[in-house]
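Student: model this:
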Amino acid sequence: MLSEFVEPKWQQRRGIRKIHVVALLSAVVSAAAVVLMFNEFGVVQTPGGGERQLIATVDLRLGTPALALERGLARARADVEAGLLKLQRAGPPPTKAETARAERMRQRYGVEWVSHSAEVTPLTTAYVDAYNGVMRAEIERRHGKVVADGLLGFDETRKPR
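Tutor: Alright, predicted model coming up:
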């Protein structure tokens, strides 16, 4: 009753208001979120839990023919899905005869020759072989084995450059 005389009317407590409940729940949820984040990121160390370690992997195949082979296969499959027929070559620029032959293949069968690299290295060789292997199968599927083996120069003893 003393509070009635000391506190003004608008400050008198009439039970818990809704805003107090919302504020209390928000504070509890925020505190729980902070504790969970600290626990997740390892800020708080538990006794006997050991130290958390950052685990990463390194692809040791970088710069190896195995990775170049995978890249060649993936690129060839993407080109096949796009409807393109291309053959890759590595080495010095093509001669006039090779350029004329490539132009005939492009006109007759829609197969284009693309120079992948001027240098022949194990990486470029792996990439070109993988790419051309996928393309050979697609050319054989579209135009037949005779075209793939004969006209395009694929056989067991000789591979295109």
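Student: low-confidence ranges, this protein, go.
Tutor: Within the chain, the stretches with pLDDT under 70 are 1-16, 42-61, 150-161.
Student: and the helices in it, which stretches?
Tutor: For the chain, the helices defined by DSSP state H cover 2-6, 18-40, 65-81, 96-109, 122-143, 145-146.
Student: quick check: which of those helices is nearest to Arg89?
Tutor: Of all the helices of the chain, helix 122-143 sits nearest to Arg89, with 6.7 Å by C-beta to C-beta. Every residue, glycine included, has its C-beta placed from N, CA and C.
Student: quick one: buried residues of that closest one?
Tutor: Using 16 or more other C-beta atoms under 10 Å as the burial criterion, the residues of helix 122-143 that qualify are 123-132, 134-136, 138-140, 143.
Student: relative to helix 65-81, how tilted is that helix?
Tutor: Angle of helix 122-143 versus helix 65-81, following axes from the mean of the first three to the mean of the last three C-alpha atoms, to 10 degrees, is 30 degrees.
Student: give me the helices and strands touching helix 122-143, please.
Tutor: Where contact means 3 or more C-beta pairs under 8 Å, 6 or more residues apart in numbering; DSSP states H and E, helix 122-143 is packed against helix 65-81, strand 85-90, helix 96-109, strand 111-117.
Student: could you export the second one as PDB, CA atoms only?
Tutor: Coordinates of the C-alpha atoms in strand 85-90 are reproduced here as PDB (Å, rounded to 0.1, in the frame of the first residue of the first chain):
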ATOM      1  CA  LEU A  85      32.500 -32.100 -82.500                       C
ATOM      2  CA  LYS A  86      36.100 -30.900 -82.000                       C
ATOM      3  CA  LEU A  87      39.400 -32.700 -82.100                       C
ATOM      4  CA  GLN A  88      42.300 -31.300 -80.100                       C
ATOM      5  CA  ARG A  89      45.900 -31.300 -81.200                       C
ATOM      6  CA  ALA A  90      49.100 -30.400 -79.500                       C
END
